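> Just to be clear, the model below is a prediction. Sequence and coordinates:
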Amino acid sequence: MSTLTEPTLRIVFFEGETASHWPGETLFETMSVLLGKGYALTRPQPGGRVSPHDRGETVWLGQFEGAVVPEPMDRADRARFLDVSGMPAEAVAEKVEARRGEAKAVEHGLWKPWFPVIDYDRCTNCMQCLSFCLFGVYGVDEQQKIQAQNLDQCKTNCPACSRVCPEAAIMFPKYKSGPINGDQVSDADLNREKMKIDISALLGGDVYDMLRTRSERAKSRFSKERDSDKALAERQKCLTKLAQLTADVPREVLMSLPSPEEIARKAEEARQRAARHLGQMPEA
Amino acid sequence: MSAPRILYCHCNYAQVVPRETKEAVLRHLCSGGAAFEAVADLCEMSARKDGALQRLADPNGGGVRIAACFPRAVKWLFASAGAPLTSDRVEVLNMRVQPAQEIVEALGRPELRPNLPSGKETTESSPS
């Protein structure tokens, strides 16, 4: 199971009925610690209802102070009430962590959520990101529309794909500056992006152009060995160029050049996807 | 008309939102009586396609006010989680650039001021 599909805990700060009011400062301190540990928290209206958690257990934290702690009402046994009367924030967090272990819920923080977010208002489905990414983050959906699919394969702190996007359509919300961080795109940004198309040209140009050109050629005279060598050389040139343009692509990314076989495989996969998109090739 | 629901993002796994802004906003929410959702990291929830995002995005639930980061990022984080936001029912407060006091005041406003971007806006073409 992927770390992104494992169950999680949802924490609800319960008050009303048999549980006392959470004083503001206590609530703030407790929430701060739990947020730091990655939990999602709900503070409902006193006595208010809370929708069931769809993927895991809901833990209700209450200051019951000697009153009866409610039994879980969830038939699927996915709700727990914990009495945390008078506990400091760290002790509450320890209790929640213990419950997380019992419930076999995911431990947050093991993966930094760094991945591309596509602005489909801007995206033209040119597939340059798919052909550029070294880590197989991108794919296409049933309509051959580009998607970020394998998010936990993305290289932390690497914004390289957003730099080759000609429309500034790829965001990394945790990036330091705009427009990659999601800030508005300026005309100057777009002009810079247009210059970056030159980088993708180093990869062999637009995928569709490449397909058409190849299709017009002898069709079957596709030398995989020669093309993979060329692809490797082109990628090295591309990454060298990219390193000159920006200092924030991690060195290990620049060093993570795939083998010629991997490049050939990725190029072929991308070619087939794009060809299907253009209606030039039947579904596999 | 009911008060907008509130979502606060702690942006836990990066230091791009000023800590003092996050603290001031969270402290304000905790000291008030309003219900709210606080998530450790909206990016992580989006990656998990967490069902809570769909509930928040549900237009039948009324308006929602989100204290997080850039509206364009928030819009597409929800969309990529399969929970597209309804433009006229969402106001995003940007803790990366707005002062805490401005956000706290906005959280207390009864009326929503929707501000999700649409289309290929640029800073030059944007109406604001």
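Done, it's in. Residues are numbered from 1 along each chain as shown, chains lettered A, B, ... in the order given.
> How much space separates the residue of the stretch 101-250 of chain A found nearest chain B from residue B:97?
In the stretch 101-250 of chain A, the residue that lies nearest chain B is residue A:182 (2.7 Å; Cβ to the nearest Cβ). In short, each C-beta sits where N, CA and C put it, glycine included. To residue B:97, residue A:182 is 11 Å away according to Cβ to Cβ, to the nearest Å.
> So if I had to pick from these two, which one is more boxed in?
Higher neighbour count among residue A:182 and residue B:97: residue A:182, with 27 against 13, using other Cβ atoms under 10 Å in any protein chain shown.
> same question for stretch A:49-59, mean pLDDT?
Per-residue pLDDT over stretch A:49-59 has a mean of 83.
> Okay, now stretch B:28-40: how far is its last residue from its first?
This stretch, stretch B:28-40, spans 17 Å end to end (Cα to Cα, to the nearest Å).
> What lies in contact with it?
A:22, A:24-25, A:27-28, A:31, A:34-45, A:48, A:108, B:3, B:5-10, B:12, B:26, B:45, B:52, B:56, B:104, B:107 (Cβ atoms under 8 Å, 6 or more residues apart in numbering or on different chains).
> give the contact list for the residue of the stretch 101-250 of chain A closest to chain B.
So residue A:182 contacts A:117, A:171, A:173, B:69-74, B:76 (Cβ under 8 Å, 6+ apart).
> Name the nearest residue to it, sequence neighbours excluded.
Spatial nearest neighbour of residue A:182, chain neighbours left out: residue B:73 (2.7 Å); criterion: Cβ to Cβ, 6 or more residues apart in numbering or on different chains.
> What of residue A:93?
Here the residue nearest residue A:93, using Cβ to Cβ, 6+ apart, is residue A:33, at 4.7 Å.
> Neighbours of residue B:24, how many?
Neighbour number of residue B:24 under other Cβ under 10 Å is 17.
> which SS state does it fall under?
What DSSP: H, G, I helix; E, B strand; the rest coil gives for residue B:24 is helix.
> Next, the contact list for it, please.
B:100-101, B:103-104.
> quick one: the strands in the stretch 51-200 of chain A?
Assigned by DSSP state E, counting those that start in this stretch, the strands in the stretch 51-200 of chain A fall at A:56-62, A:79-83, A:117-118, A:138-140, A:146-148, A:170-171.
> What strands flank the third one, and is each parallel or antiparallel?
Using DSSP bridges, the neighbouring strands of strand A:117-118 in the sheet come out as strand A:170-171 (antiparallel).
> same question, the longest one
In the sheet containing strand A:56-62, the strands it pairs with under DSSP bridges are strand A:8-14 (parallel), strand A:79-83 (parallel).
> Now residue A:65: closest residue in space, sequence neighbours ignored.
With Cβ to Cβ, 6+ apart as the measure, residue A:85 is the residue that lies nearest to residue A:65, at 4.6 Å, once sequence neighbours are left out.
> contacting residues for that neighbour?
A:20, A:63-66.
> Could you tell me the per-residue confidence at it?
94.
> helix/strand/coil for the residue located most distally from the centre of chain B?
Most distant from the centre of chain B: residue B:124, at 23.9 Å, with distances by Cα atoms, centre = their mean. At residue B:124 the chain is in coil, as set by three-state DSSP.
> That one and residue A:185 touch, don't they?
No - between residue B:124 and residue A:185 there is no contact under Cβ atoms under 8 Å: 9.6 Å.
> average pLDDT across whichever strand or helix holds residue B:29?
In this assignment (DSSP states H and E), residue B:29 forms part of helix B:19-31. The pLDDT scores in helix B:19-31 average 97.
> How about chain B: which residue is closest to chain A?
Closest point on chain B to chain A, by Cβ to the nearest Cβ, is residue B:73, at 2.7 Å.
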